[in-house]
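Asker: sequence and predicted structure, then a few things I'm wondering about:
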2 protein chains.
Amino acid sequence: MKTPQIEAAWKGTAACRNCAIRHLALFSELEETDFQHIHLPIEELHFDAGAQLYGLDEPARAVFTIRSGMVKLVHVQADGTQRIVRLFRRGAVAGLEALVRPSYEHIAICVQPTEVCRIPREVIGQLQAETPRLHRRLMEKWYEALSVADDFLTDLSTGSARQRLARLLLHLTAEQPEQPVRLFTREDLGAMLAVTLETASRTISEFKRAGLIREIAHNLVLCDRDGLMAAARTD
Amino acid sequence: MKTPQIEAAWKGTAACRNCAIRHLALFSELEETDFQHIHLPIEELHFDAGAQLYGLDEPARAVFTIRSGMVKLVHVQADGTQRIVRLFRRGAVAGLEALVRPSYEHIAICVQPTEVCRIPREVIGQLQAETPRLHRRLMEKWYEALSVADDFLTDLSTGSARQRLARLLLHLTAEQPEQPVRLFTREDLGAMLAVTLETASRTISEFKRAGLIREIAHNLVLCDRDGLMAAARTD
DNA sequence: CGACCCCTTGAGGGCCTTCAATCCATGTGG
DNA sequence: CCACATGGATTGAAGGCCCTCAAGGGGTCG
């Protein structure tokens, strides 16, 4: 496994009020007066691909709202094997366990250049005490995480490798069907689909030959969603 | 799939203050005065094995605290296939989505005779508005659900059928190692391990022959946890 | 007693894993 | 400029595990 390295550059305190993705984020329901209760800096950070947001058993001092890019959440099993259990994209919140646990229980690594807002746990605590508007939103984010976990893990753990890969690509193109998708390393693909990297590679090749995906640049593909839907159904 | 049927018998309003499992449950942090804010009945209900707590797309009007017994949470995939994604046991809270969604998004079915407390969503809402003590507890329960989901789904979706079954049995005996475990139907076992019922049956038989489990009554087994730990590691 | 349900066991075949070799792009140093 | 090392991706071959289809066993209930 690659040794992850934080390469963050501080870009200044976030302007939460005018945040472009606020409607997606944790603070969507907050009102003007609520922001006065924020007394710790919320940092806007940039991470390069491969950089680590947080690691297993690190002190959990903040949650992260993803502004752009993509983060893989890696679950480490008792025997040391790793499985990617979730992908965080724009609007998602990573590291919610900071609100209830002393340390992180996963590894969060960027698979693309990623912009995040780092919100100290104390900020959430203060806001929660002051405004009930955050409660509902927080619970929604908890449920979102749970729901995504169930979907991700069942969709990508059952059926043939063909079906799993098809479902993953459909998942990745669900929001912007016409946009190309950046593929992961075959090792990451394997860790998502619970197959070996060789099988991941073979299945990608097969999809290319079948015209289900078309590579327009290195590891950047356009997806035939109709074809993939058929592949996701029939083995 | 069996057609589930609700066979609940009302046993009277729960005495939350003196609840035997309150230290595990949602209301552990509540104080005497908090209970005055409960204006809707919290029912203690009994369900037989096979009975359904709630179903997919049913109006979500309550959460359920499990007092005893066991409940399987069934996730229905887009193509209709079902997978068991979690098991609820004593102290767990089922149906948390009632707090953020209009309807349930899973099926919850008892696999054993089960005692639950049915807490209307409005009760949680009222209490949340009145006392901040519930917030933290609620978030802990959310995280518990998320954490269990990750563990359950990764442990039981990777490795050989032998490893998965071993991990499941270890999971079931984690709290009371010496106690016998009631096995599930082979169909349910398959739906947990993401294998066919035949493979589940064969693997159970193999474990019996190897002495990893010893059947002391119909579908009731004693587990050799050391042996199972070895089986969970080495394929 | 027969119907039914669940469980068990067998045989064949397909898919994935494992081990291994090769290819390709990138970057480094002589 | 090129040789070489490196890391990822691809492809091949052999073998094993699990799925599918099928038949039969054992318990319960009308």
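Answerer: Cool, got the structure. Numbers count the residues shown, from 1 in each chain, chains lettered A, B, ... in the order given.
Asker: nearest residue to the residue most central in space within chain A in space, please, no chain neighbours.
Answerer: Among the residues of chain A, the one closest to the centroid is residue A:88, at 1.1 Å (Cα atoms, centre = their mean). Of all residues not flanking residue A:88 in the chain, residue A:71 sits nearest, at 4.2 Å (Cβ to Cβ, 6 or more residues apart in numbering or on different chains). (Each C-beta comes from the backbone N, C-alpha and C, glycine too.)
Asker: which residues does the residue lying farthest from the centre of chain A contact?
Answerer: Each residue of chain A has a distance to the centre, and by Cα atoms, centre = their mean the biggest one is for residue A:33: 30.5 Å. By Cβ atoms under 8 Å, 6 or more residues apart in numbering or on different chains, the contact list for residue A:33 is empty.
Asker: how close does it get to DNA strand D?
Answerer: 49 Å (Cβ to the nearest atom of the strand, to the nearest Å).
Asker: ok, now how distant is that residue from DNA strand C?
Answerer: 50 Å.
Asker: how many neighbouring residues does residue A:235 have?
Answerer: 9 (other Cβ atoms under 10 Å in any protein chain shown).
Asker: please apply the same query to residue A:143.
Answerer: Counted with other Cβ under 10 Å, residue A:143 comes out at 19.
Asker: just the element for it, please.
Answerer: Element membership of residue A:143 [criterion: DSSP states H and E] is helix A:133-155.
Asker: can you dump the C-alpha atoms of that helix in CSV for me?
Answerer: Listed next in CSV are the C-alpha coordinates belonging to helix A:133-155 (Å, rounded to 0.1, in the frame of the first residue of the first chain):
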residue,chain,number,x,y,z
ARG,A,133,-31.6,23.6,13.2
LEU,A,134,-28.5,21.6,13.0
HIS,A,135,-29.9,18.5,14.7
ARG,A,136,-32.1,17.4,11.8
ARG,A,137,-29.4,18.1,9.3
LEU,A,138,-26.9,16.1,11.3
MET,A,139,-29.3,13.2,11.5
GLU,A,140,-29.9,13.4,7.8
LYS,A,141,-26.2,13.2,7.2
TRP,A,142,-25.9,10.2,9.5
TYR,A,143,-28.7,8.5,7.7
GLU,A,144,-27.2,9.4,4.3
ALA,A,145,-24.0,7.7,5.4
LEU,A,146,-25.8,4.6,6.6
SER,A,147,-27.9,4.4,3.5
VAL,A,148,-24.9,4.9,1.2
ALA,A,149,-23.1,2.2,3.1
ASP,A,150,-25.9,-0.3,2.7
ASP,A,151,-26.3,0.4,-1.0
PHE,A,152,-22.5,0.5,-1.8
LEU,A,153,-21.7,-2.6,0.1
THR,A,154,-24.6,-4.8,-1.1
ASP,A,155,-24.4,-3.6,-4.7
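Asker: is any residue of that helix near DNA strand C?
Answerer: No - residues of helix A:133-155 are not located near DNA strand C by Cβ under 7 Å from any atom of the strand, the shortest gap being 14.2 Å.
Asker: that helix and DNA strand D in contact?
Answerer: No - applying Cβ under 7 Å from any atom of the strand, one finds helix A:133-155 separated from DNA strand D by no less than 14.3 Å.
Asker: give the contact list for the residue lying closest to residue A:224 once chain neighbours are set aside.
Answerer: Closest residue to residue A:224 apart from its sequence neighbours, by Cβ to Cβ, 6+ apart: residue A:212 at 5.2 Å. Residues in contact with residue A:212 (Cβ under 8 Å, 6+ apart) are A:166, A:169, A:223-224, A:227-228, A:231.
Asker: out of those residues, which are buried?
Answerer: A:166, A:169, A:223-224, A:228, A:231 (16 or more other Cβ atoms under 10 Å in any protein chain shown).
Asker: would JSON lines of these with secondary structure be doable?
Answerer: Below are these laid out as JSON lines (DSSP: H, G, I helix; E, B strand; the rest coil):
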{"residue": "A:166", "secondary structure": "helix"}
{"residue": "A:169", "secondary structure": "helix"}
{"residue": "A:223", "secondary structure": "strand"}
{"residue": "A:224", "secondary structure": "coil"}
{"residue": "A:228", "secondary structure": "helix"}
{"residue": "A:231", "secondary structure": "helix"}
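Asker: where do the helices of chain A begin and end?
Answerer: With DSSP state H applied, chain A shows helices at A:121-130, A:133-155, A:161-172, A:186-193, A:197-210, A:225-233, listed in chain order.
Asker: helices or strands up against the fifth one?
Answerer: It stands for helix A:197-210. helix A:161-172, helix A:186-193, strand A:213-217 (3 or more Cβ pairs under 8 Å, 6 or more residues apart in numbering or on different chains; DSSP states H and E).
Asker: quick revisit: out of the buried ones among the contacts of residue A:212, which are close to DNA strand D?
Answerer: Counting by Cβ under 7 Å from any atom of the strand, no member of the buried ones among the contacts of residue A:212 is near DNA strand D.
Asker: got any ranges where chain A has weak pLDDT?
Answerer: Within chain A, the ranges that satisfy pLDDT under 70 run A:1-15.
Asker: quick check: residues of it near DNA strand D?
Answerer: So chain A meets DNA strand D at A:2, A:185-187, A:197-198, A:201-202, A:204-205, A:219 (Cβ under 7 Å from any atom of the strand).
Asker: quick one: name the residues of chain A near DNA strand C.
Answerer: A:160-162, A:194-196, A:198-199, A:202-203, A:235.
Asker: can I have the buried ones of those as a PyMOL selection?
Answerer: To isolate the buried members of the residues of chain A next to DNA strand C in PyMOL, using 16+ other Cβ under 10 Å:
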select buried, chain A and resi 161+162+194+195+199+203
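Asker: closest to chain B out of the residues of chain A next to DNA strand C?
Answerer: Distance to chain B across the residues of chain A next to DNA strand C (Cβ to the nearest Cβ) is lowest for residue A:194, with 5.2 Å.
Asker: list the contacts for that closest one?
Answerer: Here residue A:194 is in contact with A:83, A:156-157, A:164, B:157-158 (Cβ under 8 Å, 6+ apart).
Asker: try residue A:133
Answerer: Listed by Cβ under 8 Å, 6+ apart, the contact set of residue A:133 reads A:29-31, A:34.
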